[in-house]
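# A predicted structure for the sequence below; I have some questions about it.
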Amino acid sequence: MSETGTAVSKQISVVVRLCNYHAQAIWHLVTMELAQTPACSLILSRIDYYNAVLHGAPSYSIEKLQRVQNNAARIVLQAPRRSHASPLLRMLHWLPIQQRIEYKVALLMFKVRNTTVYDVDICKERFLMLISGCLKLTTENCSQ
């Protein structure tokens with residue numbers, strides 16, 4: 001595994017640990033409406049933050065994040081621990097992690113292809129900021 005792959009794997013482990021911590025706090029909320037807001041803001045936002053970087057990541061890395069999302073769905077719907085997660089995700093209208101990643105990359109490509117020349121400069125600048133920020137997270141010796 002390359003340095004970048006190792007760093008991404010470590011980042012995924014940190015995200016999984018933080019999401020599981022927040023999931024424990026949400027578990028005690030009483031109603032579905034009360035549980036769904038913190039689940040989306042604390043757990044799913046962390047999972048979605050680096051979707052573009054996770055495109056092409058190994059399946060075992062994606063599976064860790066999928067387990068976190070499955071747990072969040074069980075918590076929100078107050079389902080038993082051993083219940084199958086696919087119907088729960090459908091009930092909440094949540095895409096599985098792999099499809100969330102593909103959707104995010106497709107959306108970025110759509111925005112890049114359908115912007116005006118003025119907007120392209122802004123998109124390039126934001127994309128470079130995103131990439132440089134991700135490189136700082138995934139590599140120890142980043143020049144920028």
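The structure has been received and is ready for your questions. Numbering: from 1, shown residues only.
# C-alpha from now on. contacts and neighbour counts both.
Fine.
# Is Ser45 within a helix or a strand, and which one?
helix 45-48 (DSSP states H and E).
# Buried ones in that helix, by neighbour count?
By neighbour count with 16 or more other CA atoms under 10 Å, helix 45-48 contains the buried residues Arg46, Ile47.
# mean confidence score for the following helix or strand past that helix?
Following the chain from helix 45-48 toward its C-terminal end, the next helix or strand by DSSP H and E is helix 51-54. Helix 51-54 shows an average pLDDT of 77 in the prediction.
# looking at this structure, which helix or strand is least sure?
helix 117-138 (a mean of 62; mean pLDDT, DSSP states H and E).
# for stretch 44-57, the distance to its chain's centre please.
Centroid displacement of stretch 44-57 relative to its chain, using CA atoms, centre = their mean, to the nearest Å, is 4 Å.
# which SS class is Gln66?
helix (DSSP: H, G, I helix; E, B strand; the rest coil).
# mind showing which ranges of this protein have poor pLDDT?
For the chain, the stretches with pLDDT under 70 are 1-5, 22-33, 35, 115-121, 123, 127, 129-144.
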